[in-house]
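Asker: okay, structure incoming, though there's no sequence with it:
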């Protein structure tokens, strides 16, 4: 199956054929990556509230949001202390982890620091015909291709 690599702002991800991905950066903000098994629109919030509102049965959505270190937020400390990319597991998905609660959706969110870059990964699945486990396995495969180059975000 053909795969597509999307890269920018020191991030890269490989998505399966039929998926979409985009990497963008708003003015004075750190990069954001969205990947989904359905079409993405150009304008959406960092955590994909509009995209997840368009999800249908068996869709998958993934957001990687990088944060800018400042006097209070430090890479590798506090919420961002975990030093490796998290791996999604189906039992960890819950409606309580959704940014916007929607019937039939399950969410997952983890904070971490890789290559000196504090990030949050957020994922949503909407099981219908396929099990949540299968959908999460698909997301885990995509997330496993994520590359984060060393460095920090500058203005």
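Answerer: Received, thanks. On a predicted model such as this, the values are computed, not experimentally measured, just so you know.

Asker: quick check, central residue of this structure?
Answerer: The structure's the chain has its C-alpha centroid closest to residue 63; by CA atoms, centre = their mean the separation is 2.3 Å.

Asker: just the element for that residue, please.
Answerer: strand 59-66 (DSSP states H and E).

Asker: residues making contact with that strand?
Answerer: By CB atoms under 8 Å, 6 or more residues apart in numbering, the residues outside strand 59-66 that reach it are 11, 13, 30-38, 46-48, 51-52, 55, 117-126, 135, 138-139, 142-143, 146, 153. From N, CA and C alone the C-beta is placed, and that goes for glycine too.

Asker: out of the residues you listed, which are inside helices?
Answerer: When DSSP state H is applied, the contacts of strand 59-66 are split such that 51, 52, 135, 138, 139, 142, 143 fall in helices.

Asker: list just the nearest of these to residue 26.
Answerer: Distance to residue 26 across these (CB to CB) is lowest for residue 51, with 16.0 Å.

Asker: that closest one is in contact with residue 41, isn't it?
Answerer: Yes. Between residue 51 and residue 41 there is a contact under CB atoms under 8 Å: 7.0 Å.

Asker: these two: which has the busier surroundings?
Answerer: Using other CB atoms under 10 Å as the criterion, residue 51 and residue 41 rank with residue 51 on top: 21 against 12.
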